[in-house]
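[1] All I have is the shape, not the residue letters:
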């Protein structure tokens, strides 16, 4: 699964307003970096409104 696929899947889960998302990752630094990237992208979308 590519980073783009993972980001899309996480974005869908977050936008669906799940109360809990469990992230099991072997590469903690990579997972953290992807979550930060997703958060930054979300901040840019909200600022554009």
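    Good, I have the coordinates. Computed from a predicted structure; not experimentally measured.

[2] Next, count neighbours for the closest residue to residue 3 other than its chain neighbours.
    Distances taken as C-beta to C-beta, 6 or more residues apart in numbering place residue 34 nearest to residue 3, at 6.2 Å, with adjacent residues excluded. Yep, even glycine has a C-beta here, placed from its N, CA and C like the rest. Number of residues near residue 34 (other C-beta atoms under 10 Å) recorded here: 17.

[3] what about residue 34, which helix or strand?
    helix 28-47 (DSSP states H and E).

[4] for that helix, which positions count as buried?
    34-35, 38 (16 or more other C-beta atoms under 10 Å).

[5] residues making contact with that helix?
    3, 6-7, 10-11, 14, 23, 25 (C-beta atoms under 8 Å, 6 or more residues apart in numbering).

[6] For that helix, what does the pLDDT average out to?
    The pLDDT scores in helix 28-47 average 83.
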